[in-house]
Structures are given as structure tokens and as C-alpha cells.
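Asks: Sequence first, predicted model second:
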Amino acid sequence: MLGVWSARSGVWVDDDVLDITYGPWRLKTPMDNIAYADVDGPYSAWRAIGARLSLVDRGLTFGSSTKAGACIRFHHPVRGIEPTGLLLHPSVTVTVEQPHLLVRRLRHAIDLRRP
């Protein structure tokens, strides 16, 4: 799949940044740009496997499983599937091994920002 394997794919979260790589693609945004996170799925294979762009809302999917994923929405759309920044994405879905743990971490970051 276009140079996508586990050594070149992953989701990294720290106090300041969400960083997602999927083969040659990368999506990186400050944690304070995350507006929403939830577990979603299961998915059909044609909708979940690979790097996908939704023609409806420009959301991205970086997927390798049909079981479940983490759906993440942003306050401000971000770069992701094309390098020039002309196409920005309001959301991304990633199919990580434990999506509920990723969602819990992202929701915690969202809660910390609330007054």
C-alpha cells in the first residue's frame, strides 16, 4: 500500500502536538486545535483501508483496520494528504490498535482547555 507499514505509520501525542504519519503522509497540529474526539466504527473495507479523502467534507482517513478508529475534528482545518496546503482537512479518522485510549487522551487535553 504505497509505502505504508508500521515503521512508517503512527500517532504521537504529547502536551503540545498531535502528530500522525501514514506512509508518505503526515498530519501535525497543536493540541489546542483539537475540538472533538470519539471512537467510531466498525467500517467497511472500502471506507477504512488506506489513505482516504472524503469528497463530502474533505475529512481524511488513515486506516489499516475495519474494527474501530478514532475520529478527530479540528477547530481549524489542517494540512494532510497534499503538501501545498491548498486542501485542508476539518477532521481525520485513524484506526489505531486502541482507539479508546487515544480518544481518552485527546478528550483530556480538550477538558484541560475548558474554563
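Replies: Yep, it's here.

Asks: Would you map the helices across this structure?
Replies: In the chain, the segments counted as helices under DSSP state H are 45-48, 99-113.

Asks: so which of these gets nearest G59?
Replies: Relative to G59, the nearest member of those by Cβ to Cβ is helix 45-48, separated by 11.5 Å. Quick note: C-beta positions are derived from backbone N, CA and C, even for glycine.

Asks: From V96, how far off is P77?
Replies: Between P77 and V96 the computed distance is 22 Å (Cβ to Cβ, to the nearest Å).

Asks: ditto for C71
Replies: In this view, C71 and V96 are 12 Å apart by Cβ to Cβ.

Asks: And for G10?
Replies: Between G10 and V96 the distance is 8 Å, computed by Cβ to Cβ.

Asks: Not counting sequence-adjacent ones, nearest residue to the residue sitting nearest the centre point of the chain?
Replies: Within the chain, one residue has its C-alpha closest to the average C-alpha position: by Cα atoms, centre = their mean, that is V92, at 3.7 Å. The shortest distance from V92 to any residue other than its chain neighbours is 4.5 Å, reached at L60 (Cβ to Cβ, 6 or more residues apart in numbering).

Asks: I'd assumed G80 was in contact with that neighbour.
Replies: Yes. L60 lies in contact with G80 (Cβ atoms under 8 Å); the separation is 5.0 Å.

Asks: Tell me what the residue nearest to V92 is bridged to.
Replies: L53, V92 (DSSP bridges).

Asks: and it, how many neighbours does it have?
Replies: Under the neighbour criterion other Cβ atoms under 10 Å, L60 is assigned a count of 24.

Asks: List the residues that contact it.
Replies: In this structure, L60 makes contact with L27, A51, R52, L53, S54, G80, I81, H89, S91, V92, T93, judged by Cβ atoms under 8 Å, 6 or more residues apart in numbering.

Asks: wait, the last one sits on T66?
Replies: Looking back up the chat, that one is T93. No. With contacts defined as Cβ under 8 Å, T93 does not count as touching T66, sitting 11.9 Å away.
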